[in-house]
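K.L.:
predicted model follows, preceded by the sequence.
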Amino acid sequence: MTPTNLLLPTYRQMLKTLSGLIDTAQKQLPDRAESLLTARLAADMLPFAAQVRFAAFQAQEAIFRLRGEPFPEWLEVIAAEGRNAADAPGTIADAMIRLQDALSFLTEVPDDALDAGAERPITIALPGGLTFDLTGEQYARDWALPQFYFHVVTAYAILRHRGVAIGKADYVPHMFAYLRPGTTAAT
């Protein structure tokens, strides 16, 4: 499996899932949907608005890292929005725009665009001085996907915690494309 055919379909389907979860939240809690943006699972965790921004950021960040390209200013803006979401969560519409922009960007990425980056050295420097040196393949497997899923799962958990009636089928709707004909869930 190449970095491109691992990451791109995963990012696309899960960003669509996150958009669908937000749509569901808006339909179920129309009077409280905007308040979800500041909701957290724990006091020391970032709020829902940050989880959405970081999911969008992570999906796009990987493209630039694996191609060995510097981050454009617009991507840095998304990261800053995520870091500052506790004070400036924006609106549900803003969050949806970030997801849609990320999906549009990922649609433009050519089918083999990331594959040459599998052996590329990638350095991740975190606040506090932690620095990781990986190959592109290690980065995709051990950093890019886990970080992306962390933010999507946390966003899902916040919505569940705040009363949005969603379940596993809402989290993995893409799996229904693989459903064996004639099989159904037990009721």
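P.N.:
Here it is on my side, so go on.
K.L.:
list the buried ones in stretch 42-62?
P.N.:
46-62 (16 or more other CB atoms under 10 Å). For glycine as for every other residue, the C-beta is placed from the backbone atoms N, C-alpha and C.
K.L.:
which of the residues you listed fall in helices?
P.N.:
48-62 (DSSP state H).
K.L.:
all helices of this protein, in order?
P.N.:
3-28, 48-67, 73-83, 92-107, 136-139, 145-161, 168-171.
K.L.:
what helices or strands is the second one leaning on?
P.N.:
Read it as helix 48-67. Where contact means 3 or more CB pairs under 8 Å, 6 or more residues apart in numbering; DSSP states H and E, helix 48-67 is packed against helix 3-28, helix 73-83, helix 92-107, helix 136-139, helix 145-161.
K.L.:
related to what we said a few turns ago, closest to Thr154 among the ones in helices among the buried residues of stretch 42-62?
P.N.:
Gln51 (4.8 Å; CB to CB).
K.L.:
excluding its backbone neighbours, what's nearest the closest one?
P.N.:
Closest residue in space to Gln51, ignoring its immediate chain neighbours: Ala155 at 4.0 Å, by CB to CB, 6 or more residues apart in numbering.
K.L.:
tell me who's in contact with the one you found.
P.N.:
Applying CB atoms under 8 Å, 6 or more residues apart in numbering, we find Ala155 in contact with Leu18, Leu21, Phe48, Gln51, Val52, Ala55.
K.L.:
at 6 Å instead, please
P.N.:
Contacts for Ala155 (CB atoms under 6 Å, 6 or more residues apart in numbering) come out as Phe48, Gln51, Val52.
K.L.:
which residue is nearest the middle of the chain?
P.N.:
Compute the mean C-alpha point of the chain, and by CA atoms, centre = their mean the closest residue is Ala55, 2.4 Å away.
K.L.:
and the residue lying closest to that residue once chain neighbours are set aside, how many neighbours does it have?
P.N.:
Nearest residue to Ala55, sequence neighbours excluded (CB to CB, 6+ apart): His151, at 4.2 Å. His151 has 23 neighbouring residues, counting by other CB atoms under 10 Å.
K.L.:
check Pro110 too.
P.N.:
Pro110 is flanked by 9 other residues according to other CB under 10 Å.
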